[in-house]
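Chemist: Turn this into a model:
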Amino acid sequence: MSDFDCLIVTCEHAGNFVPPRYRNAFASQEEILWTHSGWDAGALETAKLIAEEFDASLHTNTMTRLVIDFNRTLGNPEVFSGVSSGFSDAEKQELIDDWYLPYRRKVEQQLREWIADDLAVLHLSIHSFGSVVNGMRRAADVGLLYDPSCRPEVTFCEEWRAAIENVAPDIPVRLNYPYSGTDDGFTRQLRTVFPQERYAGIELELNSRDFHENEEAWKRLRDTSVAALRNCLHVRRRALQPKN
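Modeler: Next comes the predicted model:
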């Protein structure tokens, strides 16, 4: 059983909200906002469920990634989408200053305070992925993303996968799938700030197929992942700050 002092849960793609100032740019993009390009379907409810289960601190962003992607670092060409890349420099800077940086700095500050107290922190960043890409169905329902060079992350993900397979052998789980845990993202950036002895950043990816097609199957996938987490994770101390 993995052992951490505290848990923080984040959800960078929790919704498809467009701030009023930018809605005209999306006047002909309403449909795409409801696709995986616009948000991670089911990720917010999963993040809330985990936070409630462990009384963990929860940070969520409900702005669509088509305006600005909170899971990309500044400088990555994908931080702005094909729509928002056409915004003026002033508009882009406003999004960075008023939305993007406050979210990321709040998470980082909480981590900094805990780690300064010599606590070991697990950060779970909750996402979902599209079931079909380039016409091919993806071959997993759960993906656990981590840095292979970080032993605490490797150990935790192996334990979580085994716990899911033990509870529900029919649910396919893959490590570092459908993306790599070392791809550009919030957890990768935070690994450059904090030592691996105190910070472990894991991305949970759930296949969003059943969110759209089968509510009962989606609930089973979500609840199984959380139940398995409960079976393999021990948090020695509750979150040190109130839920957000």
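
Chemist: Give me the contact list for the helix or strand bottoming out on mean pLDDT in the chain.
Modeler: Least confident element among the helices and strands of the chain, by mean pLDDT, DSSP states H and E: strand 233-235 (a mean of 81). Contact partners of strand 233-235, identified using Cβ atoms under 8 Å, 6 or more residues apart in numbering, comprise 1-7, 54, 56, 122, 156, 160. (C-beta placed from N, C-alpha, C; glycine too.)

Chemist: let's see it at 10 Å
Modeler: In this structure, residues lying in contact with strand 233-235 by Cβ atoms under 10 Å, 6 or more residues apart in numbering are 1-7, 50, 53-56, 120-122, 124, 156, 159-160, 163.

Chemist: Correct me if wrong: residue 187 contacts residue 201.
Modeler: Yes - contact criterion Cβ atoms under 10 Å: residue 187 and residue 201 qualify, at 3.1 Å.

Chemist: More neighbours: which of these two?
Modeler: Using other Cβ atoms under 10 Å, the more surrounded residue of residue 187 and residue 201 is residue 201, with 28 against 24.

Chemist: Tell me how many other residues crowd residue 158.
Modeler: The number of residues near residue 158, taken as other Cβ under 10 Å, comes to 15.

Chemist: Who is the nearest residue to it once chain neighbours are set aside paired with across the strands?
Modeler: Excluding the flanking residues, the one nearest residue 158 by Cβ to Cβ, 6 or more residues apart in numbering is residue 175, at 7.5 Å. Listed beta-bridge partners, residue 175: residue 144 (assigned using DSSP bridges).

Chemist: rewinding a little: give me the ChimeraX select line for the contacts of strand 233-235, limited to the buried ones.
Modeler: In ChimeraX, this line selects whichever of the contacts of strand 233-235 come out buried by 16 or more other Cβ atoms under 10 Å:
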select :2,4,5,6,7,50,54,56,120,121,122,124,156,159,160,163
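
Chemist: which residues touch residue 107?
Modeler: If a contact means Cβ under 10 Å, 6+ apart, then residue 107 has 8, 10, 12, 57, 59, 70, 123, 125, 186, 190, 244 as its contacts.

Chemist: Now, those that are in strands?
Modeler: When DSSP state E defines the strands, the subset of the contacts of residue 107 inside them is 8, 10, 57, 59, 123, 125.

Chemist: Kindly tell me how buried the second one is, as a neighbour count.
Modeler: Taking other Cβ under 10 Å as the criterion, the count of residues near residue 10 is 28.

Chemist: And for the fifth one?
Modeler: Residue neighbour count, defined by other Cβ under 10 Å, stands at 26 for residue 123.

Chemist: And for the third one?
Modeler: A total of 25 residues lie near residue 57 under the criterion other Cβ under 10 Å.
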